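K.L.:
Structure, please.
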Amino acid sequence: MSQTLQKEILDQLAKLPIEHQRKVLDFARSLSKAPPVGKAGKELLSFAGTIGAEDIKAISQAIEEGCEQVNINEW
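P.N.:
Numbers count the residues shown, from 1 in each chain. Below you'll find the model as predicted:
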């Protein structure tokens, strides 16, 4: 890890209350426990085109309406 990144993480961590610092520690530990498990893209090709056009339109609309919105009080 670069020293600049490490310093920035520590600076931000120092600003948090202790309960949030514990959450960050728990999160960091969870990231280092096990590598992510997934499937290769070519294994998923059989699903290409299986979602209907109306469903795609509904999904796209839901994404546009509900995403890219920031709730500043969430954290």
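K.L.:
Checking residue 39 next. Helix, strand or coil?
P.N.:
coil (DSSP: H, G, I helix; E, B strand; the rest coil).
K.L.:
any idea how far residue 21 lies from residue 15?
P.N.:
10 Å (C-beta to C-beta, to the nearest Å). Every C-beta, even on glycine, is put in place using the N, C-alpha and C of the backbone.
K.L.:
neighbour count winner among those two?
P.N.:
Between residue 21 and residue 15, residue 21 has the larger neighbour count (other C-beta atoms under 10 Å), namely 13 against 8.
K.L.:
residues contacting the more buried one?
P.N.:
By C-beta atoms under 8 Å, 6 or more residues apart in numbering, the contact set of residue 21 is residue 13.
K.L.:
any idea how far it is from residue 69?
P.N.:
28 Å.
K.L.:
what does residue 50 give?
P.N.:
Taking C-beta to C-beta, one finds residue 50 at 29 Å from residue 69.
K.L.:
List the residue ranges of this structure that fall below the pLDDT cut-off.
P.N.:
68, 75 (pLDDT under 70).
K.L.:
Helices of that one, residue ranges please.
P.N.:
Listed in chain order, the helices of the chain (DSSP state H) span 3-14, 18-33, 41-44, 53-66.
K.L.:
Turn the ones you listed into a markdown table, including distance to residue 74.
P.N.:
Shown next, in a markdown table, are the helices of the chain (distance: least, C-beta to C-beta, whole Å):
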| stretch | distance to residue 74 |
| --- | --- |
| helix 3-14 | 17 |
| helix 18-33 | 13 |
| helix 41-44 | 32 |
| helix 53-66 | 14 |
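K.L.:
Go through those and name the closest to residue 73.
P.N.:
helix 18-33 (14.7 Å; C-beta to C-beta).
K.L.:
Run the chain-centre distance for that closest one.
P.N.:
Offset of helix 18-33 from its chain centre (C-alpha atoms, centre = their mean, to the nearest Å): 15 Å.
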